[in-house]
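**Q** How does the following fold in three dimensions:
(4 chains)
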2 protein chains.
Amino acid sequence: MGRRARLRAQTTAEIKAVALKHLGEGGPDAVSLRAIGREMGMSGSAIYSYFDTRDALITTLINDIYTSLLDQVETARDAVAPGDIAGRILAWGQAVRVWSLANPEGFRLIYGDPVAGYQAPAGGPAPEAAKRACLGLTELAAAAWPYAKATQASTDYRWSDFSSGLADTIREHLPDLPPAVVALALRMWGRMHGLISLEVYGHLGTQTGDPAKLYHAELLDLLRSLGLDVERPRRPRTPQAST
Amino acid sequence: MGRRARLRAQTTAEIKAVALKHLGEGGPDAVSLRAIGREMGMSGSAIYSYFDTRDALITTLINDIYTSLLDQVETARDAVAPGDIAGRILAWGQAVRVWSLANPEGFRLIYGDPVAGYQAPAGGPAPEAAKRACLGLTELAAAAWPYAKATQASTDYRWSDFSSGLADTIREHLPDLPPAVVALALRMWGRMHGLISLEVYGHLGTQTGDPAKLYHAELLDLLRSLGLDVERPRRPRTPQAST
DNA sequence: ACAAAGTTTGAACGCCGTTCTGATATGGAG
DNA sequence: CTCCATATCAGAACGGCGTTCAAACTTTGT
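**A** Next comes the predicted model:
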């Protein structure tokens, strides 16, 4: 890699850094090519050498931020012993909320209307990080499955219910997994996402002064619905025999 | 009310109607004062006679849309016999999802980043419709409480955990209600919101082809966690005696 | 040393919200 | 009916935006 490529990579990184800074300080509107260029001492149109369009820049920002979220969440999960399934799920859920509240603009970028008129690249593959999130949750759901199986409603799922990309990835990492586990993982995702999303967007703050307590109770209820005992000792009870 | 006031009301209504149309057709960006004026045959600046600023227009749109959502949801709920608690919760939840998928731009406006640079009126009272939603869910939670009480985790809530506006409204309509019921209602809200939000913003579609099945399973699990039997006969079992 | 490729600038186009200056129409008081 | 305050409107203007384009400048490989 010549000197030129190095400069290019450096400038690209600086653009992303400035964009992230503006995002955090002034919200999504502050992420404008002209403003970024102004701060970097170059004209706004020069950025088009590095990103085809503003949406392309936003897209890579989303990928970066999403990746950082997953890094943090996975780290929190791995700080709990692999055998402590309830503890791992709890750690995952709490980490998602902590990150989201610490990076509300990032959360909005990933999960909400990112920025004026941004259109996600259509038809493209699902973002890598989204699959990673889903896979991580599926692993947790799979670990809880022996306990949760009996409690789940009798909806029957097929692999065809899920996108081939997701299904293939999961079956590669976790063979012999019933598709219902993936559905459970997606529901766990939604359950964590709901309260966090309401809180980040300020809908919960006007109703309750203590969203943390609410969220914690929700996670406990989630564990209970997975058949994992949670009051006092956090060890799960013995899984039931297969039906 | 003179002729003048009538004209004014009419023009105001037309502005809102055109704004809603643009919102549905072109997304949030299409809601621009200039574009609205263009379509109405008047200059963009003329709208400033009717709304102080674009954000004011957006704010009334949000109120209107939020109200229409609650009208529809309450209608769906009231189509189920008052005694069928599980059925009412199910109807509420399904109605929220149906409305959200039919009005994704409205959903984004209410719950997401509404539009470029919009700032919700700070310090103002919580939107009327939000309290209405919360109150409706609290009624459902209160009806389910005799069955759900025993299943809830032992988090203890106080009235001071909630905003005074909400707490007062609720205690006015439903006296002698434990604050834990409000917490339960907020959690129910979050639980419905999670999957719907993921679906509306397209995060679920890339992972599963059948979000409806997922959402229905989630509602069933919610009912189960409320202590309401749900397989086949939808009648709740007898409430347990007070602990 | 020189041509090819990459990078940057600055003007331009059309969009936006908002403000301001006048022009025009309306409504009520005398 | 007249007259004037008030409400409504058009149009220009300011500064912001994403994007395009021709022209200049810099680096690279030969």
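
**Q** Pretty sure A:Gly112 sits against A:Tyr201.
**A** Yes: counting by C-beta atoms under 8 Å, A:Gly112 does reach A:Tyr201; the two are 7.4 Å apart. The C-beta positions use only the backbone N, C-alpha and C, and glycine is treated the same way.

**Q** Identify the contacts common to the two.
**A** Residues touching both A:Gly112 and A:Tyr201 (C-beta atoms under 8 Å, 6 or more residues apart in numbering or on different chains) are B:112-113.

**Q** Averaged over its residues, which helix or strand of chain A has the lowest pLDDT?
**A** The least trusted helix or strand in chain A, going by mean pLDDT, DSSP states H and E, turns out to be helix A:164-173, with a mean of 87.

**Q** Go ahead and produce PDB holding the CA coordinates of it.
**A** Coordinates of each C-alpha in helix A:164-173 appear next as PDB, following Å, rounded to 0.1, in the frame of the first residue of the first chain:
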ATOM      1  CA  SER A 164     -32.100 -17.500   3.900                       C
ATOM      2  CA  GLY A 165     -29.100 -15.400   4.900                       C
ATOM      3  CA  LEU A 166     -30.100 -15.600   8.500                       C
ATOM      4  CA  ALA A 167     -31.200 -19.200   8.500                       C
ATOM      5  CA  ASP A 168     -28.000 -20.400   6.700                       C
ATOM      6  CA  THR A 169     -25.800 -18.400   9.100                       C
ATOM      7  CA  ILE A 170     -27.500 -19.900  12.100                       C
ATOM      8  CA  ARG A 171     -27.600 -23.400  10.900                       C
ATOM      9  CA  GLU A 172     -23.900 -23.200  10.100                       C
ATOM     10  CA  HIS A 173     -23.100 -22.100  13.700                       C
END
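
**Q** List the buried residues in that helix.
**A** Residues of helix A:164-173 classed as buried by neighbour count (16 or more other C-beta atoms under 10 Å in any protein chain shown): A:166-167, A:169-170.

**Q** got it, and stretch A:213-220?
**A** The neighbour-count check on stretch A:213-220 (16+ other C-beta under 10 Å) flags A:214-220 as buried.

**Q** possible to save the residues you listed as JSON lines with secondary structure?
**A** Listed next are the buried residues of stretch A:213-220 as JSON lines, based on DSSP: H, G, I helix; E, B strand; the rest coil:
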{"residue": "A:Leu214", "secondary structure": "helix"}
{"residue": "A:Tyr215", "secondary structure": "helix"}
{"residue": "A:His216", "secondary structure": "helix"}
{"residue": "A:Ala217", "secondary structure": "helix"}
{"residue": "A:Glu218", "secondary structure": "helix"}
{"residue": "A:Leu219", "secondary structure": "helix"}
{"residue": "A:Leu220", "secondary structure": "helix"}
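
**Q** Which members of those residues additionally contact chain B?
**A** A:214, A:216-218, A:220 (C-beta under 8 Å from any C-beta of the partner chain).

**Q** would you turn the buried residues of stretch A:213-220 into CSV with pLDDT and distance to A:Arg132?
**A** Rendered in CSV, the data for the buried residues of stretch A:213-220 read as follows (pLDDT from 0 to 100; distance: C-beta to C-beta, whole Å):
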residue, pLDDT, distance to A:Arg132
A:Leu214, 96, 27
A:Tyr215, 97, 22
A:His216, 97, 25
A:Ala217, 96, 28
A:Glu218, 97, 23
A:Leu219, 97, 21
A:Leu220, 96, 26
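
**Q** For DNA strand D, state which of those residues is nearest.
**A** DNA strand D lies nearest to A:Tyr215 out of the buried residues of stretch A:213-220, by C-beta to the nearest atom of the strand, at 34.7 Å.

**Q** Low-confidence regions, chain A specifically.
**A** Scanning chain A for pLDDT under 70 picks out A:1, A:114-117, A:122-126, A:230-243.

**Q** Got the domain ranges for it?
**A** Per automatic domain parsing, the structural domains of chain A span A:1-51, A:55-225.

**Q** Any part of stretch A:58-65 near chain B?
**A** No: Stretch A:58-65 does not reach chain B (C-beta under 8 Å from any C-beta); its nearest approach is 11.5 Å.

**Q** before we move on, the earlier item: I'd like to know which of the domains of chain A lies nearest to DNA strand D.
**A** Among the domains of chain A, the nearest to DNA strand D by C-beta to the nearest atom of the strand is domain A:1-51 (3.2 Å).

**Q** Would you mind listing what in chain A touches DNA strand C?
**A** Within reach of DNA strand C by C-beta under 7 Å from any atom of the strand, chain A has these residues: A:4, A:7-8, A:11, A:37, A:41-43, A:45-46, A:48-50.
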